[in-house]
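K.L.:
okay, predicted coordinates and the sequence, questions at the end:
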Amino acid sequence: MTNARVIDAAETESPTARPSVIPVVAATSLRVPGRGRNAAGAPVRFSFDGRSLTGRAGDTLAAALLANGIHLVGRSFKYHRPRGILSAGCEEPNALVGTDRGKGRYEPNTRATTAEIFEGFCSTSQNCWPSLRTDVGAINDRLAPLFSAGFYYKTFMWPKSFWNKVYEPIIRGAAGLGKPPTEPDPDTYAARYAHCDLLVVGAGAAGLAAALAGARSGAKVILVDEQAEAGGWLLSEPDVTIDGRPAWVWLSDVVRILSGMPNVTVLTRTTAIGYYHQNFLGLCQRLTDHLATVPEGAPRERLWKVRARQVVLAQGAIEKPLVFAGNDRPGVMLAGAARSFLNRYGVRVGERAVVVTSHDSAWAAALDLARTGTAVPLIVDLRPTVSPDLLAEARRSGIEVMCGGTVTDTRGRLRISAVRVNPVAASGTVGEGRWVACDVLLMSGGWTPSLHLFSHTGGKLIWDEDDQIFLPGQATEACRCAGAGTGRFGLAAALADGAAAGAAAARDAGFAAKAGGFAVEGEAAMTGIACRDLPTDRDAAFAKAFVDFQNDVQAKDIRLAVREGFRSVEHIKRYTTNGMATDQGKTSNINGLQIAANALDRSAPSVGLTTFRPPYTPTTFGAFAGYNRGSLFEVTRRTPIDAWAAANGAVWEPVSLWRRARYFPKAGEDLHAAVARECRGVRASVGLFDASTLGKIEVVGPDAATFMNRLYTNAWTKLEPGRCRYGLLLGEDGFIRDDGVIGRMAHDRFHVTTSTGGAARVLNTMEDYLQTEWPELDVFLTSTTEQWAVIAVQGPNARNVIASLVEGIDLAPEAFPHMAVAEGRICGVPMRLFRVSFTGELGFEINVPARYGRAVWEAVHAAGRPYDIVPYGTETMHVLRAEKGYIVVGQDTDGTLTPDDAGLGWAVGKAKADFVGKRSLSRLDMLKPDRKQLVGLLTQDPRIVLQEGGQIVAERDGPIPRRMIGHVTSAYWSEALGRSIALAVIEGGRSLQGQTIYVPMPDTVHAATVSGMVFLDPEGQRLAA
Amino acid sequence: MIQECKTLQGTAIPGIPGRLAVTLAPDCARLVLRLRPEGRAAAGTALGLTLPDRFGEVDESGERLAICLGPDEWFVLLPECEAAAADERMAATATSPFSLVDVSHREVGIAVCGPAATLALSSFCAFDLESMPAGSATRTILDRAPAVLVKHDAERYRIEVWQSFADHVWSLLAAVSREIALDI
Amino acid sequence: MLLITCPYCAAARPEIEFAYAGEAHIARPADPAALGDEAWRDYLYIRSNTRGLHVERWRHINGCGRFFNAARDTVTDKFAATYRAGDARPSALLSEGVQR
């Protein structure tokens, strides 16, 4: 075949050659009777932009729209150009619609090519106003010169102040696709871990063959495919035979075999979205989106987290569009897509199809369409020569053929009506064009192997110079690619490759596997060439030739980026936004690369491909969240007394994972009033506080005291059993890490308490030292945080309240003084009783086994009624402790305070040879007099409560920026003092006693006097009561 | 004597006949035993069990169960009435330093049984439950809750989880049960 | 999620059961008081910050509870080896030029 040019180049453009508008055809006539996987599917009513339409069960929205003669489905992102359906799969960049599944289930940007319709399915077009056909925003298309690549850096830079207030809001308003839903997502989502020997991604021919080989070896296999049924391209190619059976018979046999094997799981409607370390893959399974009636309580999607010993990626290939002027009109679509719609759904995509291609595969689409009633006036092949077989078939079907041709323009506002075709001479000269009428233009620029998941692993890609495609290279994971995804196009190749990969993977997983063989007949040819934007006889600088349909990126944008100095493909990508839309450039990356490489005058591999990242296709936030939303968003830890607090009107505060009662408002009380009342109640009589969240660790063993000595700053060896002590824990860096009261229950047993948030950390630190530094110590640790419910009874009447309930402990002040601990019983249940105070009042902390906590709490509450006992929450606890200058680690300290900085020098056992952090305390830096020290603050206006975190300066006025000398760590209204109090860290703070510092706020400056930290009862007389 | 107030008291997850039953395990005494390996045999005798010496191994007889969680750590479940006696026997017969701490109230036991038990747990358990041997146990993370998971056999599991995390695990099991009931 | 082989459990377990615990083979000085400020500073703060194989401590905190050591490539996140606390780092790792 030397010259297949059938059309005379002299047939030039003339006004009379303009086609008339193709009439809209009746819906039924576009369905081919008896054709399609869903040929027997029941009629299904659905709507698009309010128009009621009929499709067929098993249709995608795209198939159903096309069956109704609808190509125009949306407006483009930037120029608001009318757009149609480009593809038949997940790569779709154009046909993005809003879908409404009822009950607030609105989703924007759904691909019409993947959404399955059902009775009552509701969809709308996007990015157009007032309507899809008449869109005001289309003015952008006329203004296109203003919107070139990087336009927002150029066109709208003056005046600068306009950017934030004028330009950006307008641009943001005009650009975009779907609108986000306004309702909370009413659906639930699920998750599941799975483990298998072999995970096969893609259930096309290669994937099925791989799964079969693996499954027959006994390996545990998971086969996953994003489509509604397994089959891949086989679903679009029914006219081949495999092992003597028609393709679809073979397919159903294989699927039946696999589904019947106990070691095989076949997941359809499931997209492998990401490939992570050590063969860990995320699969998103769509469970209910395709159902007209969703079972009550059924989750919408499930995220599978699969650990596979071996992976076979059989993701197939994606057809490449051709880049030419007007290649984005509705009705211009991929040839393979047209073939899918015809063979899989029985839908002819139009009445008069012109085909332009650089690859054999589009010929099969032309021939299939011609056979089923669509007029195919012309095939334009960019190649000067094609196989004689194809030419003969075209001739038999009455199709004209132009080999060595190009397409240079299209017409048709809302749907293509004509295409301008030109011959190209061997020299490359583009001849005169002529217009050919059509209502669809099918294009194929060849096929791009899907390397997305392989790329996620960091696997290297290799450039194939012959086919001008990237192929998978050296894998970094236990993974193989198979089929079209490796550039081995064609059914026979896919089956053989898949079987070999599946068998090899199974063998690597330890199974005796062998690859089966397959006999294929009737396969279409699969050769072609790659090209960048098509040759034209017009000025390419004015051609609207789209590369990235979803982001409206044209060939000339990429050239502009190169002219402006961008060299790296990653920079060109970001400047032009090519491939940055939600489709991640599935149809645009390679075309963009070819154009960029040409403009840079470099080879494609030296320019390189941009990086693919998970997820492979857009994935709902719900799928990622899984069960972790609503009440399961995070663990909410509740104390044994939580239910009582809830029943008594507690307002909650989250403290690490716990929820704690912050205060207990009575009718009409706000936070301030409730806390003031609670504070008065404790100081005047007695209060009740749930301290169960305190961390507790039982430290047991003959070396327990030695261990405590080495770990905590304090001295423990001389602490008698039955006594407790405030313990301070540092890091080796000398900074405060945690604190708590520690009781010595016996010679070899300590009851250690930690801060609520520090419980796990302190236990970990203790284990660390025991295991790795002091393994010689006979000490054992057990967390008892949740074994004990802790009820703090605080106030002058505390003893009176509990006296009648306690057995076995003499509560007299001499017998059970401040900082005593004893075991006894309360309300008949075992108890550890601490006489401790975090309020400065006479106080007890009752520890009882957790399940008794609620009842003991209620018993104490009842016993306290004669004393007007007041339950109080964390806010009151904070006020009361601040009045006494007791610190809260993590609030008043921030990881940079030493014991001395915090005024806790007294808690450091200076005579001890060593303890964790001791050496650091003598570092020069730690001894500087201007270290930030914790002090008290009294505002000069006693009514002002400072802001916690407020920065402190030395002078009222001064140049900005001011030098900040510290900050407020705690600030409250003290009901006991009738004024505000605060704690703060200030440089050299203790030497500033009595001096005035300032806290600047946005509207004013507060003056405060530096004071000591203890505001109430500095002698501690109330404690000793 | 006052009433106990139990976590998850009064809640139930509807069973799926022939598929899945999620129930609260009966109360029992729970003890954390820590000692150096040389004291293992004597401690086992005191507690009426054979203390396994490999991590994850379980010794189970009737209501008694001992799990080796680490090289010096065992989690022991006994009939509720035996906790105090166990403590005394240990004190009397121990041959090396040890720590025996009563954590009966620290945890909630949840039994997950039925042919779909493994599937149910796989929704929030990251390791391969199918390859976990019957008669073994492990500490792990269930979704975000630290827990001890015991596999009695292919269709019977027990979760031991701290009280304040129990509601989270229970709610997950309820959600998963709905999926299994719907066969979705 | 990574799989990490706990050398005590001798099993590969999911990453969520583990907690990272800093660079390995940095022993607490037996007598901190005997150290000068600079030596103590080095103990506290100076770390190898390796690009490549890094020896580090992990704890199987939600498993057997043991601290152990691991050699992990900080570029690829792949674990080359895990071994028990107190064991010397595997000689194979030394030959690959692991620092410290």
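P.N.:
Everything's here; your move.
K.L.:
got the contact list for the closest residue to residue A:521 other than its chain neighbours?
P.N.:
Leaving out its chain neighbours, the residue that sits closest to residue A:521 by CB to CB, 6 or more residues apart in numbering or on different chains is residue A:241, at 4.7 Å. For every residue, glycine as well, the C-beta is placed using N, CA and C. Remark: with contacts taken as CB atoms under 8 Å, 6 or more residues apart in numbering or on different chains, residue A:241 is in contact with A:247, A:250, A:520, A:521, A:522.
K.L.:
list the beta-bridge partners for residue A:241.
P.N.:
Legend: beta-bridge partners of residue A:241 under DSSP bridges are residue A:246, residue A:521.
K.L.:
what residues does chain C have near chain A?
P.N.:
Contacts of chain C with chain A, taken as CB under 8 Å from any CB of the partner chain, map to C:1-3, C:19, C:21, C:27-29, C:31-33, C:35, C:37, C:40-41, C:43-44, C:57, C:59, C:61, C:65-67, C:76-78, C:85-86.
K.L.:
mind checking the longest helix of chain C?
P.N.:
If you go by DSSP state H, chain C has its longest helix at helix C:37-45.
K.L.:
which elements pack onto the next helix or strand after that helix?
P.N.:
Following helix C:37-45 in sequence order, the next helix or strand is strand C:53-59 (DSSP states H and E). In this structure, strand C:53-59 packs against helix A:759-768, strand C:19-23, strand C:67-73, with contacts taken as 3 or more CB pairs under 8 Å, 6 or more residues apart in numbering or on different chains; DSSP states H and E.
K.L.:
which of the contacts of residue A:241 count as buried?
P.N.:
Buried residues within the contacts of residue A:241, counting neighbours by 16 or more other CB atoms under 10 Å in any protein chain shown: A:247, A:250, A:520.
K.L.:
of the residues you listed, just say which sits nearest to chain B.
P.N.:
Distance to chain B across the buried ones among the contacts of residue A:241 (CB to the nearest CB) is lowest for residue A:250, with 29.1 Å.
K.L.:
what does chain A put close to chain C?
P.N.:
Contact residues, chain A versus chain C (CB under 8 Å from any CB): A:276-278, A:280, A:305, A:307, A:458, A:476, A:732-733, A:764, A:767-768, A:771-773, A:775, A:913-914, A:918-920, A:923-924.
K.L.:
taking those, please make a PyMOL selection of just the buried ones.
P.N.:
The PyMOL selection below is limited to those of the residues of chain A next to chain C classed as buried (16+ other CB under 10 Å):
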select buried, chain A and resi 276+277+278+280+305+307+732+733+764+767+768+771+772+918+919+920+923
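K.L.:
what's the burial count for the closest residue to residue B:122 other than its chain neighbours?
P.N.:
Among residues not flanking residue B:122 along the chain, residue A:193 sits closest, at 5.1 Å (CB to CB, 6+ apart). Neighbour count for residue A:193, taken as other CB atoms under 10 Å in any protein chain shown: 21.
K.L.:
so what's residue A:930 up against?
P.N.:
A:987, A:988.
K.L.:
so which helix or strand takes in it?
P.N.:
Following DSSP H and E, there is no helix or strand that holds residue A:930.
K.L.:
roughly how far apart are the residue lying closest to residue A:42 once chain neighbours are set aside and chain B?
P.N.:
Nearest residue to residue A:42, sequence neighbours excluded (CB to CB, 6+ apart): residue A:57, at 4.8 Å. Distance of residue A:57 to chain B, given as CB to the nearest CB, to the nearest Å: 20 Å.
K.L.:
which residue does chain C bring closest to chain A?
P.N.:
Residue of chain C nearest chain A, by CB to the nearest CB: residue C:32 (3.5 Å).
K.L.:
looks like that residue contacts residue A:918 (just checking).
P.N.:
Yes - with contact defined as CB atoms under 8 Å, residue C:32 counts as touching residue A:918 (6.8 Å).
K.L.:
what about stretch A:649-657, distance to the chain center?
P.N.:
28 Å (CA atoms, centre = their mean, to the nearest Å).
K.L.:
over to stretch A:851-867?
P.N.:
The chain centroid and the centroid of stretch A:851-867 are separated by 47 Å under CA atoms, centre = their mean.
K.L.:
okay, buried residues for that stretch please.
P.N.:
By neighbour count with 16+ other CB under 10 Å, stretch A:851-867 contains the buried residues A:851-861, A:863-864, A:867.
K.L.:
can I get these in JSON lines with pLDDT, secondary structure and distance to chain B?
P.N.:
Putting those into JSON lines (pLDDT from 0 to 100; DSSP: H, G, I helix; E, B strand; the rest coil; distance: CB to the nearest CB, whole Å) gives the following:
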{"residue": "A:851", "pLDDT": "97", "secondary structure": "helix", "distance to chain B": "4"}
{"residue": "A:852", "pLDDT": "98", "secondary structure": "helix", "distance to chain B": "6"}
{"residue": "A:853", "pLDDT": "98", "secondary structure": "helix", "distance to chain B": "7"}
{"residue": "A:854", "pLDDT": "98", "secondary structure": "helix", "distance to chain B": "4"}
{"residue": "A:855", "pLDDT": "98", "secondary structure": "helix", "distance to chain B": "4"}
{"residue": "A:856", "pLDDT": "98", "secondary structure": "helix", "distance to chain B": "7"}
{"residue": "A:857", "pLDDT": "98", "secondary structure": "helix", "distance to chain B": "10"}
{"residue": "A:858", "pLDDT": "98", "secondary structure": "helix", "distance to chain B": "8"}
{"residue": "A:859", "pLDDT": "98", "secondary structure": "helix", "distance to chain B": "7"}
{"residue": "A:860", "pLDDT": "98", "secondary structure": "helix", "distance to chain B": "11"}
{"residue": "A:861", "pLDDT": "98", "secondary structure": "helix", "distance to chain B": "13"}
{"residue": "A:863", "pLDDT": "98", "secondary structure": "helix", "distance to chain B": "13"}
{"residue": "A:864", "pLDDT": "98", "secondary structure": "coil", "distance to chain B": "16"}
{"residue": "A:867", "pLDDT": "98", "secondary structure": "helix", "distance to chain B": "21"}
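K.L.:
tabulate those residues (CSV), appending distance to residue A:215.
P.N.:
Compiled in CSV, the buried residues of stretch A:851-867 are given as follows (distance: CB to CB, whole Å):
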residue, distance to residue A:215
A:851, 51
A:852, 56
A:853, 55
A:854, 55
A:855, 58
A:856, 60
A:857, 60
A:858, 61
A:859, 64
A:860, 65
A:861, 65
A:863, 70
A:864, 70
A:867, 75
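K.L.:
the residues you listed: which two are farthest apart?
P.N.:
A:851 and A:867 (26.9 Å; CB to CB).
K.L.:
for the host helix or strand of residue B:108, give the mean pLDDT please.
P.N.:
Residue B:108 belongs to strand B:107-113 when assigned by DSSP H and E. Regarding strand B:107-113, the rounded mean pLDDT is 98.
K.L.:
what about it and chain C, touching?
P.N.:
No - if you take CB under 8 Å from any CB as the test, strand B:107-113 misses chain C, and the best it gets is 14.8 Å.
K.L.:
can you name the next helix or strand after that strand?
P.N.:
Next element after strand B:107-113 (DSSP H and E): helix B:117-122.
K.L.:
tell me which helix or strand comes right after that following helix.
P.N.:
Remark: after helix B:117-122, the chain's next helix or strand is strand B:136-142, criterion DSSP H and E.
K.L.:
can I get that next one as PDB, trimmed to CA atoms?
P.N.:
Taking C-alpha atoms only, strand B:136-142 is exported to PDB below (Å, rounded to 0.1, in the frame of the first residue of the first chain):
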ATOM      1  CA  SER B 136      -3.700 -17.400  70.800                       C
ATOM      2  CA  ALA B 137      -4.000 -13.700  71.800                       C
ATOM      3  CA  THR B 138      -2.300 -10.400  71.100                       C
ATOM      4  CA  ARG B 139      -2.300  -6.900  72.200                       C
ATOM      5  CA  THR B 140      -3.200  -4.600  69.200                       C
ATOM      6  CA  ILE B 141      -5.100  -1.600  68.100                       C
ATOM      7  CA  LEU B 142      -8.700  -1.900  67.100                       C
END
